[in-house]
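Q: Sequence and predicted structure, then a few things I'm wondering about:
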Amino acid sequence: MGFIDHIHACNNHDLEKFVGFYGQDDTQIGWVRKDHLVHLDGFSDVLKLKGSGAYLIEQGDLTSALARVSRALYDKGLLEHWRDEPYEVKQGFADDPLFLMERCATPFFGIRAFGVHINGFVKSKDTIKMWIAKRAGDRAICPGMWDNMVAGGQPAGLSLKDNIIKECAEEANIPFELADKAQPVGTISYMMETDGGIKPDVMFCYDLEVPEDFVPENTDGEVESFTLMDVQEVAEIVRNTFDFKFNCNLVIIDFLIRHGILCPDDCADYEELVRGLRR
């Protein structure tokens, strides 16, 4: 295998299986699997189903209406891992949200979700080492797998910077003064089909250089341990395995490219990798 396999794994969708999910102005805001439409039949006060997709019916409180639909889908076992964490439904991050939706329902409706991922690293002379988290064994998604030092979904009501500060404190006990130094380095996007639907997600990526004597410590139970790895060791794990959580591989590939660890002369897939990080 190679780095490019992670690009393919995170963009494994077949849109022939899906129809559009449309807002009240008939603008597409997501995707619904064709075989999932039958589960929406009982919500004619919220959704109009046509051959071309599912259309939201005009009403005053879309957040409450979709919460009722999402809870019913969850009670039927069609959604997993209810979090009581609302996400803003919008196409672009700078757009005004159309309404809020429970996080676990976003793949069912193919809603674009946003998140933050932070590469924590130590630079000493000519070497770079990365702090790598191991996800706790009881995590609902990808338990026990490698992860970025800090990462999290983007909940409603928080700025990206506020979310970074929050996630840094919760996941790695990083004080505000250090977390505030995280540098934005761009976005990564992918469209990944899952058993529950599809994830057309965008990750905002940050680099955070930490002092050599800093050791991250988890405070919320989501991380089992942290390991400081040479960047070449991290690269080999990504190149040769699927041991990292699926989207973290993309974040690390981007880091390797930006820091000159992964170079075009040494990688036949370099152009495809660069293009594939932003779908």
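A: Great, that's in hand. Numbering: from 1, shown residues only.
Q: Which residues outside the least confident helix or strand in the chain by mean pLDDT are in contact with it?
A: Within the chain, no helix or strand scores below strand 47-50, which has a mean of 92 by mean pLDDT, DSSP states H and E. Strand 47-50 has contacts (C-beta atoms under 8 Å, 6 or more residues apart in numbering) with 37, 40-41, 54-57, 69. Heads up, the C-betas are built off the backbone N, CA and C, glycines and all.
Q: Also stretch 11-19?
A: Against stretch 11-19 from outside (C-beta under 8 Å, 6+ apart): 31-35, 37, 51-54, 110, 190-193, 198, 276, 279.
Q: average pLDDT for it?
A: Averaging pLDDT along stretch 11-19 yields 95.
Q: can I get the CA coordinates of that stretch in PDB?
A: Below are the C-alpha coordinates for stretch 11-19, written out as PDB (Å, rounded to 0.1, in the frame of the first residue of the first chain):
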ATOM      1  CA  ASN A  11     -13.200   9.400  -1.000                       C
ATOM      2  CA  ASN A  12     -14.800   6.000  -1.600                       C
ATOM      3  CA  HIS A  13     -18.300   7.300  -2.400                       C
ATOM      4  CA  ASP A  14     -20.600   6.300  -5.200                       C
ATOM      5  CA  LEU A  15     -23.100   9.100  -5.700                       C
ATOM      6  CA  GLU A  16     -25.300   6.900  -7.800                       C
ATOM      7  CA  LYS A  17     -26.500   5.500  -4.500                       C
ATOM      8  CA  PHE A  18     -27.700   8.900  -3.300                       C
ATOM      9  CA  VAL A  19     -30.200  11.600  -4.000                       C
END
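Q: buried set for it?
A: 13, 18-19 (16 or more other C-beta atoms under 10 Å).
Q: try stretch 43-55
A: Buried residues in stretch 43-55 (16+ other C-beta under 10 Å): 43, 46-47, 49, 53-55.
Q: Ends of it, what's the gap?
A: 11 Å (C-alpha to C-alpha, to the nearest Å).
Q: do the same with stretch 80-98
A: So stretch 80-98: terminal residues 24 Å apart, C-alpha to C-alpha.
Q: Same question for stretch 119-132.
A: Using C-alpha to C-alpha, the two ends of stretch 119-132 sit 9 Å apart.
Q: And the contacts of it?
A: By C-beta under 8 Å, 6+ apart, stretch 119-132 touches 146-150, 172, 205-212, 214, 216, 226-231, 234, 251-252, 255, 259, 261.
Q: Stretch 158-177 now?
A: So stretch 158-177 is contacted by 116, 118, 120, 131, 133, 149-152, 154-155, 178-180, 182, 184, 204, 206, 208, 210, 216-220, 222-223, 226 (C-beta under 8 Å, 6+ apart).
Q: With stretch 68-81 instead?
A: Against stretch 68-81 from outside (C-beta under 8 Å, 6+ apart): 36, 39-40, 42-43, 46-47, 82, 101-102, 104-105, 108, 140-141, 196.
Q: cutoff 6 Å now
A: Here stretch 68-81 makes contact (C-beta atoms under 6 Å, 6 or more residues apart in numbering) with 39, 43, 46, 82, 102, 104-105, 140.
Q: go on, stretch 233-249?
A: Looking at what lies outside stretch 233-249 - C-beta under 6 Å, 6+ apart - the contacts are 2-3, 6, 10, 130, 142, 145-148, 252, 256.
Q: Now go through these and say which are in helices.
A: 6, 252, 256 (DSSP state H).
Q: The last one touches residue 262, doesn't it?
A: Think residue 256. Yes: shown here, residue 256 and residue 262 form a contact pair, counting by C-beta atoms under 6 Å, at 3.9 Å.
Q: And the helices in this protein?
A: Counting by DSSP H, the helices of the chain are 4-9, 62-75, 160-172, 176-179, 231-240, 246-258, 270-276.
Q: just to revisit the earlier point, listing partners with orientation, what would you give for the least confident helix or strand of the chain?
A: In the sheet containing strand 47-50, its partner strands are strand 53-56 (antiparallel), by DSSP bridges.
Q: Now intersect the buried residues of stretch 11-19 with the strands, please.
A: Cross-referencing the buried residues of stretch 11-19 against strands under DSSP state E gives 18-19.
Q: From the contacts of strand 47-50, list the buried ones, please.
A: 37, 40, 54-56, 69.
Q: could these be laid out in TSV, adding pLDDT and distance to residue 238?
A: Output for the buried ones among the contacts of strand 47-50, formatted as TSV (pLDDT from 0 to 100; distance: C-beta to C-beta, whole Å):
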residue	pLDDT	distance to residue 238
37	95	37
40	95	38
54	96	37
55	96	41
56	95	40
69	96	38
